[in-house]
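Enquirer: fold the following and give me the result.
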Amino acid sequence: MNNRLSPAPPPTDSPYQDIDNPQAKDHLLVVLLSVFLGALGVDRFYLGYITSGIIKLLVGCSLPILGGIIVVFGAVVNEAELTSAGTVIALVLAIVVLLAMCLTALIWYIADMIRITTKRLQPKDGDYKD
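Expert: Numbering: from 1, shown residues only. As a prediction, the model looks like this:
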């Protein structure tokens with residue numbers, strides 16, 4: 001006769017219900033990361049997409065730097081009274097590049113928020129906790 005007691009399975013509402021999937025990510029946390037820090041790629045890092053997180057971080061950090069360069073360059077150009085057509089073209093081109101980067105980053109940010117909220121962007125090595 002076997003007198004050993006087997007452990008009871010954890011209840012379904014237990015915080016340990018995802019013990020079989022330790023890589024499961026909290027969906028609400030991912031949504032909050034996407035909303036507040038998504039422009040810096042923090043949501044991608046948390047989900048395990050390191051490469052796209054680095055790219056998103058570089059794009060997000062380069063926008064203020066590029067904007068600052070354009071402001072400084074514009075101040076220098078204003079001091080020089082726009083003496084050269086090449087200078088004006090360079091300034092306009094820099095502004096166009098900055099606007100294109102801002103639009104790209106904004107579209108990526110919004111697309112990631114939608115994909116994360118609708119659970120279409122899944123964690124790389126797991127699933128979302130229910």
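
Enquirer: ok, and for the lowest-mean-pLDDT helix or strand in the chain, which residues are buried?
Expert: Ranked by mean pLDDT, DSSP states H and E, the weakest helix or strand in the chain is helix 50-79, scoring a mean of 84. Neighbour counts over helix 50-79 (16 or more other CB atoms under 10 Å) mark Gly53, Lys56, Leu57, Val59, Gly60, Leu63, Leu66, Val77 as buried. (Glycine included, C-beta is placed from N, CA and C.)

Enquirer: how near is the fourth one to Leu106?
Expert: When CB to CB, to the nearest Å is the yardstick, Val59 and Leu106 sit 11 Å from each other.

Enquirer: show me where pLDDT drops low in the chain?
Expert: By pLDDT under 70, the low-scoring segments of the chain are 1-6, 8-22, 77-83, 130.

Enquirer: which residue packs closest to the most centrally placed residue in the chain, ignoring adjacent ones?
Expert: Nearest to the mean C-alpha position of the chain, by CA atoms, centre = their mean, lies Gly41 at 2.6 Å. Nearest non-adjacent residue to Gly41, counting by CB to CB, 6 or more residues apart in numbering: Lys56, 3.2 Å away.

Enquirer: hey, which helix is longest across this protein?
Expert: Criterion DSSP state H: the longest helix present in the chain is helix 85-117.

Enquirer: for it, name the packing helices and strands.
Expert: Packing partners of helix 85-117 (3 or more CB pairs under 8 Å, 6 or more residues apart in numbering; DSSP states H and E): helix 27-37, helix 42-47, helix 50-79.

Enquirer: rerun that using 6 Å as the cut-off
Expert: helix 27-37, helix 50-79 (3 or more CB pairs under 6 Å, 6 or more residues apart in numbering; DSSP states H and E).
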